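K.L.:
No sequence on hand, only this structure:
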């Protein structure tokens with residue numbers, strides 16, 4: 001059954017879809033308000049709650065980007081069932097979970113793989129190559145928390161504003177990419193952390209872009 005939305009609700013839904021397609025993550029309330037000319041983020045929150053009541057999205061409390069699209073296809077995929085069909089199991093992705101990455105070694109080196117898990121491809125904006133176990137809270141305002149599994153697509157190219165997995169010297173970090181004429185800066189999504197200015201481009205390499213997130217409750 002088609003969901004009946006107001007013109008404004010449809011506009012917000014399309015904005016969420018575009019943002020996920022562009023960066024892999026939904027917009028914050030403040031970004032929605034700024035894009036659509038609302039006076040405050042509270043107005044965006046009211047529209048998001050209306051969309052959630054109509055079953056178009058799902059909201060995660062306490063996460064500024066805690067918005068998940070629930071279109072008809074996604075809702076059917078996510079619906080619980082007692083018995084999974086064989087075709088559903090076959091179509092799942094088997095992804096390695098990467099823990100702590102040793103200095104100077106490839107992210108997908110065997111010693112970094114903690115386990116493999118099967119996931120639904122529909123959960124992600126693009127097909128990921130691996131899941132990276134997040135350490136720390138430098139990206140908490142992007143809805144990425146300590147212990148989350150960040151779905152990563154391997155690539156050496158990324159656009160401004162995308163959340164990336166970057167190698168800087170001997171460290172691997174998750175940050176938002178900012179490229180300017182003067183260089184590269186890796187931006188946290190937490191005011192308690194400082195941006196990282198890449199002083200030597202030879203020490204910097206992109207390991208991949210974030211295309212989704214799995215929250216594990218332990």
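P.N.:
All right, it came through fine. All of these numbers come straight from a predicted model, not from anything done at the bench.
K.L.:
could you point out the longest helix in the protein?
P.N.:
In the chain, assigned by DSSP state H, the helix with the most residues is helix 7-23.
K.L.:
Which strands or helices does whichever helix or strand comes after it pack on?
P.N.:
The first helix or strand that comes after helix 7-23 along the chain, using DSSP states H and E, is helix 29-36. Applying 3 or more Cβ pairs under 8 Å, 6 or more residues apart in numbering; DSSP states H and E, we find helix 29-36 packed against helix 7-23, helix 41-53. All C-beta atoms are positioned from the backbone trio N, CA, C, and that covers glycine.
K.L.:
got the buried residues for helix 29-36?
P.N.:
29, 31-33 (16 or more other Cβ atoms under 10 Å).
K.L.:
Now do the contacts for the residue nearest to residue 196 when sequence neighbours are not counted.
P.N.:
The shortest distance from residue 196 to any non-neighbouring residue, by Cβ to Cβ, 6 or more residues apart in numbering, is to residue 186 (4.2 Å). Listed by Cβ atoms under 8 Å, 6 or more residues apart in numbering, the contact set of residue 186 reads 164, 166, 168, 173, 175-178, 195-196, 198.
K.L.:
With residue 92 instead?
P.N.:
118-121.
K.L.:
Just the buried residues from these, in ChimeraX please.
P.N.:
To isolate the buried ones among those in ChimeraX, judged by 16+ other Cβ under 10 Å, type:
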select :119
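K.L.:
can I get the contacts of residue 92 in CSV with secondary structure?
P.N.:
Supplementary listing: those in CSV, determined by DSSP: H, G, I helix; E, B strand; the rest coil:
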residue, secondary structure
118, strand
119, strand
120, coil
121, helix
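K.L.:
okay, residue 150: pLDDT?
P.N.:
Predicted confidence (pLDDT) at residue 150: the value is 93.
K.L.:
which one is residue 112 nearest to, not counting chain neighbours?
P.N.:
Nearest to residue 112 is residue 98, by Cβ to Cβ, 6+ apart, at 5.0 Å.
K.L.:
which neighbours does the helix or strand harbouring residue 132 have in its sheet, and in what orientation?
P.N.:
If you go by DSSP H and E, residue 132 is part of strand 130-133. Strand 130-133 has the following sheet partners, assigned by DSSP bridges: strand 93-98 (parallel), strand 149-153 (antiparallel).
K.L.:
contact partners of it?
P.N.:
The list of residues contacting strand 130-133 from outside it, by Cβ under 8 Å, 6+ apart, reads 95-100, 107-108, 114, 117, 119, 147-152, 154, 165, 174, 208, 214.
K.L.:
that older thread, of all the strands paired with strand 130-133, which one comes closest to residue 50?
P.N.:
Nearest to residue 50, of all the strands paired with strand 130-133, is strand 149-153, at 28.6 Å by Cβ to Cβ.
K.L.:
which other residues reach that closest one?
P.N.:
Residues external to strand 149-153 that are found in contact with it (Cβ under 8 Å, 6+ apart): 95, 97, 119, 123-124, 126-134, 144, 165, 174, 207-216.
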